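Colleague: My questions are about this predicted structure, shown below with the sequence.
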Amino acid sequence: MFLDTPWPSMTHREVTAKLVMAGWTPCGVGDWAVGLRSPDGLWVARVCPFDPAYAAFLELCRRRPGNPYLPRVAFNTALDGGGSLAVLEFLAPLEAARAEEVARQWRAGAGDEAVAEVRQAAAAVDAEFRARTPWWDGIDLNVGNLRQALDGRVAFIDVFCMDGASLYAQVLRDAGVVRARLPGSRHILDIPYIARESTPEEIRALRAAWQRTPLSARPPDPVGGLPAGSEP
């Protein structure tokens, strides 16, 4: 299924619909993506309309294959409009006390060699993405970023994040800046957080701002050099 489908030509909505029709079951909604579990229960598809930070997590997994604290990634691809699809081994919720202990070890620079390996690689990935990714926030590790694999392993998940508050504030101020710095991210307003947390008025404001023609793209006034439609 995954190798025979033209995923990059599909949007996150089309991908979600295709997976549901193939028997995958929605099993979780985060701030940036939704999760669907495979019919056999072994895998989860993460479908995201927009999240530049997730590429950093996939890069971390790529750099440390086989590390017991990182999930196995079976497949990943970009989607049309700036989204992404990743298929990872299913990870269940982790008991809170155990999750807090592993998170404490990470923050303290403690833990076993495998934890240290992930922490070191994450720091390197963070530095690289910080240098090239607008509105980058960095490593975000809390108990919610720790899960349990079917074989009992503890696994880190989604340990990087964007500065979403600043990013969406910029959309309201001038979405043209966001389009210029994150080209191709057409579905930036479709993240679950906005649908879950925003009022109807906030959603309307974001969509109006995103669709508004930026001042820099408007034709100049032929007389005074002001943008067309402006008053002196």
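Modeller: Sure, I can see it.
Colleague: Alpha carbons of the least confident helix or strand in the chain by mean pLDDT, as PDB, please.
Modeller: Ranking every helix and strand in the chain by mean pLDDT, DSSP states H and E puts helix 96-108 at the bottom, with a mean of 93. Backbone C-alpha positions of helix 96-108 (Å, rounded to 0.1, in the frame of the first residue of the first chain) are rendered in PDB as follows:
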ATOM      1  CA  ALA A  96       3.400   8.500  34.600                       C
ATOM      2  CA  ALA A  97       6.000   7.800  37.300                       C
ATOM      3  CA  ARG A  98       8.200   5.900  34.900                       C
ATOM      4  CA  ALA A  99       7.900   8.600  32.300                       C
ATOM      5  CA  GLU A 100       8.800  11.300  34.800                       C
ATOM      6  CA  GLU A 101      11.900   9.300  35.900                       C
ATOM      7  CA  VAL A 102      13.200   9.000  32.400                       C
ATOM      8  CA  ALA A 103      12.500  12.700  31.600                       C
ATOM      9  CA  ARG A 104      14.300  13.600  34.900                       C
ATOM     10  CA  GLN A 105      17.300  11.500  33.700                       C
ATOM     11  CA  TRP A 106      17.400  13.300  30.400                       C
ATOM     12  CA  ARG A 107      17.200  16.800  32.000                       C
ATOM     13  CA  ALA A 108      19.900  15.800  34.600                       C
END
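Colleague: The very next helix or strand once past that helix versus helix 96-108: what angle between them?
Modeller: Scanning the chain past helix 96-108 towards its C-terminal end, the next helix or strand to appear is helix 113-132 (assignment: DSSP states H and E). Note on geometry: by axes from the mean of the first three to the mean of the last three C-alpha atoms, to 10 degrees, helix 113-132 and helix 96-108 are set 60 degrees apart in direction.
Colleague: re the thing from before, point out the other helices and strands that the least confident helix or strand of the chain packs with.
Modeller: Contact partners of helix 96-108 among helices and strands, from 3 or more C-beta pairs under 8 Å, 6 or more residues apart in numbering; DSSP states H and E: helix 113-132, strand 146-149, strand 154-156. Yep, even glycine has a C-beta here, placed from its N, CA and C like the rest.
Colleague: Nearest to A17, out of these?
Modeller: Closest of the helices and strands packed on helix 96-108 to A17 is strand 146-149, at 26.1 Å (criterion: C-beta to C-beta).
Colleague: Can you list the buried residues in that closest one?
Modeller: Applying a neighbour-count criterion of 16 or more other C-beta atoms under 10 Å, the buried positions in strand 146-149 are L146, R147, Q148, A149.
Colleague: So the first one versus D163, what's the distance?
Modeller: As for L146, its distance to D163 is 22 Å (criterion: C-beta to C-beta, to the nearest Å).
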